[in-house]
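Student: Have a look at this prediction, sequence included:
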Amino acid sequence: MVNKSLVFGLGIALSVSAPVSVQASSRSPAEMEALIEALQARVAALEGQSKPARPARSPVAGPARQAKFIAEAPIRPSASQSYASSAASPFDGPYAAVFGSRSFALESKSKFINYDPFFAATTDPIFLTSSNVGGAVGYNRTFDNVLIGVEARMKGSFGQTTQTATNQFYNFPVSLPFLITCCGGVPPASYPDFNLSSVTSTRSITSRLYGGDLAFRAGFVWDNWLLYGRFGVGADSIQTTRITDNTGTVVCSNPILETGPAAFGSPGNQATSVVGCGARTAGQVTSKTINKLAPYATIGTGIEYSFGAYFVRAEGNIAVTYIPSTAFSFRSTQLTPEVLTAVGYRF
């Protein structure tokens with residue numbers, strides 16, 4: 001835009017150079033009006049020369065410009081889209097995993113259930129130390145940085161068979177001959193087989209076969225890491241085998257009897273004694289197996305790292321297992337820590 005002072009100066013110069021004679025007297029109103037109009041026209045002409053010409057507006061320039069503005073404007077997500085993107089987490093959804101673990105029995109409190117004065121019993125605690133392999137399936141849901149989920153596991157155990165109890169039953173050896181009747185009466189024709197000596201050892205062997213649990217998980221997520229705790233309940237299939245060793249027992253079969261005059265009593269009284277054995281045989285080793293479920297509660301903590309659809313996990317648990325009694329074993333409560341590693345896939 002032209003400087004106003006420059007225009008005003010040009011106007012004055014034009015008015016001075018105009019072929020109008022300067023009179024001492026004042027101009028008429030009509031002449032002054034004509035002069036002002038001439039100056040205004042000149043100023044307008046000078047302003048028009050100083051401004052660049054505007055291009056003619058295309059009839060479609062407005063809509064085209066609006067369309068360009070709309071195309072270039074940033075798109076803001078809706079509230080539902082914003083919530084979905086903030087709720088998305090690499091730990092969300094269902095998953096499956098395989099794992100390996102090792103269980104270490106720390107403590108076992110047991111109580112023998114078959115007390116007998118003829119038993120010399122040693123109640124060694126049950127130590128179900130074992131290696132385990134298995135699989136797990138679960139589902140997680142995250143809310144901001146908080147995760148909750150549920151997980152089910154099944155496992156098989158091996159390499160953990162342990163002796164739990166050894167008992168010995170005995171009686172005093174029998175010396176031959178010994179009297180079975182005296183002082184008259186009809187002498188017996190035979191006598192049943194009997195033990196010359198009785199030494200019986202029994203031991204119970206307990207092992208964990210397989211098991212499973214259902215656990216609740218809760219934790220905190222940051223980036224691709226998850227720190228969590230878990231609590232659950234489950235049961236193990238416990239197998240107890242009783243092995244009975246009777247090889248220290250000697251059986252007198254078909255006892256040999258001898259009848260003769262009694263050493264005391266009325267004259268003519270007869271007495272019968274066992275003086276020998278038709279055969280002497282030793283006992284055998286026998287076994288019997290019983291399976292039962294042993295319920296347990298478990299609590300633990302772990303850490304996971306997610307990379308894409310896969311994840312790895314390290315975890316520590318401690319379980320309290322109640323091992324029920326059987327007809328030939330004792331009940332036991334066992335404290336068992338476990339360390340576990342796993343690899344999994346999220347669907």
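Tutor: Right, received. Where do you want to start?
Student: Could you list the low-pLDDT ranges of the chain?
Tutor: 1-27, 48-88, 107-127, 159-170, 184, 265-266, 326-331 (pLDDT under 70).
Student: Strands of that one, start to end?
Tutor: For the chain, the strands defined by DSSP state E occupy 93-103, 107-111, 119-122, 130-143, 146-158, 162-171, 178-181, 194-222, 225-245, 250-261, 270-282, 285-307, 310-323, 331-346.
Student: Including mean neighbour count, could the ones you listed go into a markdown table?
Tutor: Every residue, glycine included, has its C-beta placed from N, CA and C. Putting the strands of the chain into a markdown table (neighbours: other Cβ atoms under 10 Å) gives the following:
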| stretch | mean neighbour count |
| --- | --- |
| strand 93-103 | 17 |
| strand 107-111 | 14 |
| strand 119-122 | 14 |
| strand 130-143 | 18 |
| strand 146-158 | 17 |
| strand 162-171 | 18 |
| strand 178-181 | 14 |
| strand 194-222 | 18 |
| strand 225-245 | 18 |
| strand 250-261 | 15 |
| strand 270-282 | 15 |
| strand 285-307 | 15 |
| strand 310-323 | 18 |
| strand 331-346 | 17 |
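Student: Make TSV out of these and add distance to Ser28.
Tutor: Listed next are the strands of the chain as TSV, based on distance: least, Cβ to Cβ, whole Å:
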stretch	distance to Ser28
strand 93-103	98
strand 107-111	128
strand 119-122	145
strand 130-143	92
strand 146-158	95
strand 162-171	135
strand 178-181	177
strand 194-222	93
strand 225-245	97
strand 250-261	166
strand 270-282	163
strand 285-307	98
strand 310-323	102
strand 331-346	100
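Student: out of those, nearest to Ala30?
Tutor: strand 130-143 (89.1 Å; Cβ to Cβ).
Student: for the nearest residue to Asn246 once chain neighbours are set aside, phi and psi?
Tutor: Spatial nearest neighbour of Asn246, chain neighbours left out: Gly283 (2.6 Å); criterion: Cβ to Cβ, 6 or more residues apart in numbering. Gly283 has phi and psi values of phi -70, psi 180 when expressed as degrees, to the nearest 10.
Student: My guess is Gly283 contacts Thr247. True?
Tutor: Yes. Between Gly283 and Thr247 there is a contact under Cβ atoms under 8 Å: 5.7 Å.
Student: what's near enough to touch Ser253?
Tutor: By Cβ atoms under 8 Å, 6 or more residues apart in numbering, the contact list for Ser253 reads Asp193, Cys277, Gly278, Ala279, Arg280, Thr281.
Student: thinking the fourth one is in contact with Asn254, fair?
Tutor: Spelled out, it's Ala279. Yes. With contact defined as Cβ under 8 Å, Ala279 counts as touching Asn254 (6.2 Å).
Student: what sits against Ala30?
Tutor: Not one residue lies near Ala30 by Cβ under 8 Å, 6+ apart.
Student: And it, how close does it get to Glu37?
Tutor: According to Cβ to Cβ, to the nearest Å, Ala30 and Glu37 sit 11 Å apart.
Student: how close does the residue nearest to Ala215 when sequence neighbours are not counted sit to Ser201?
Tutor: Nearest residue to Ala215 in three dimensions, chain neighbours excluded: Gly232, at 2.8 Å (Cβ to Cβ, 6+ apart). Gly232 sits 40 Å away from Ser201 when distances are taken as Cβ to Cβ.
Student: who's more crowded, Gly283 and Thr247?
Tutor: Comparing Gly283 with Thr247 by neighbour count (other Cβ atoms under 10 Å), the higher total belongs to Gly283, at 18 against 12.
Student: what sits against that one?
Tutor: Shown in contact with Gly283 (Cβ under 8 Å, 6+ apart): Thr200, Asp245, Asn246, Thr247, Gly248, Thr249, Val250, Val251.
Student: So which of those residues is the closest to Lys155?
Tutor: When the contacts of Gly283 are ranked by distance to Lys155 (Cβ to Cβ), Asp245 comes first, at 33.1 Å.
Student: pretty sure the closest one is touching Thr200, no?
Tutor: Yes. Asp245 is within contact range of Thr200, at 6.9 Å (criterion: Cβ under 8 Å).
Student: can I assume Thr341 is in contact with Phe311?
Tutor: No. Contact criterion Cβ under 8 Å: Thr341 and Phe311 do not qualify, at 11.8 Å.
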